[in-house]
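>>> Coordinates only, no sequence provided:
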């Protein structure tokens, strides 16, 4: 199974963007070059990686990305700051827990 990453980047306007990649450094460079996600317009660049999580397989990465994108900005900020973390249960569900 291949290793993928789910990541949150901090944009210049202090917003957080969630994405997936199998090579984070390359993906961040693409975002900063303007060839990444359409969300990261010039006013939001440059971006820097604020949080990342390695997962097994693209399918899990896509599911976790979708789950994170449905959280509010306060929850995403708490994840970045380490005030809460994401646990993947045995059934493959995601859950927030306090460290």
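Yep, it's here. Fair warning: this is a prediction, and the values are worked out from it, not measured in the lab.
>>> helices or strands up against the longest helix anywhere in the chain?
Longest helix in the chain, counting residues (DSSP state H): helix 58-69. Helix 58-69 sits against strand 3-10, strand 16-21, strand 48-56, strand 85-88, strand 94-97, with contacts defined as 3 or more Cβ pairs under 8 Å, 6 or more residues apart in numbering; DSSP states H and E. C-beta: built from backbone N, CA, C; applies to glycine.
>>> want to throw those strands into a markdown table with mean pLDDT and distance to residue 27?
Below are the helices and strands packed on helix 58-69 laid out as a markdown table (pLDDT from 0 to 100; distance: least, Cβ to Cβ, whole Å):
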| stretch | mean pLDDT | distance to residue 27 |
| --- | --- | --- |
| strand 3-10 | 98 | 8 |
| strand 16-21 | 97 | 4 |
| strand 48-56 | 97 | 9 |
| strand 85-88 | 94 | 20 |
| strand 94-97 | 95 | 21 |
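>>> Distance to residue 76 and mean neighbour count for these - can I get that in a markdown table?
Output for the helices and strands packed on helix 58-69, formatted as a markdown table (distance: least, Cβ to Cβ, whole Å; neighbours: other Cβ atoms under 10 Å):
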| stretch | distance to residue 76 | mean neighbour count |
| --- | --- | --- |
| strand 3-10 | 6 | 20 |
| strand 16-21 | 5 | 20 |
| strand 48-56 | 8 | 15 |
| strand 85-88 | 11 | 14 |
| strand 94-97 | 11 | 12 |
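>>> re the thing from before, could you pull out the buried residues of whichever helix or strand comes after the longest helix of the chain?
Scanning forward in sequence from helix 58-69 by DSSP states H and E, the next helix or strand is helix 73-81. For helix 73-81, a neighbour-count test (16 or more other Cβ atoms under 10 Å) marks 76, 77, 78, 79, 80 as buried.
>>> nearest to residue 32, of those residues?
Among the buried residues of helix 73-81, residue 80 lies closest to residue 32 (Cβ to Cβ), at 18.5 Å.
>>> ok, the closest one to residue 71 distance?
11 Å (Cβ to Cβ, to the nearest Å).
>>> repeat for residue 62
Taking Cβ to Cβ, one finds residue 62 at 16 Å from residue 71.
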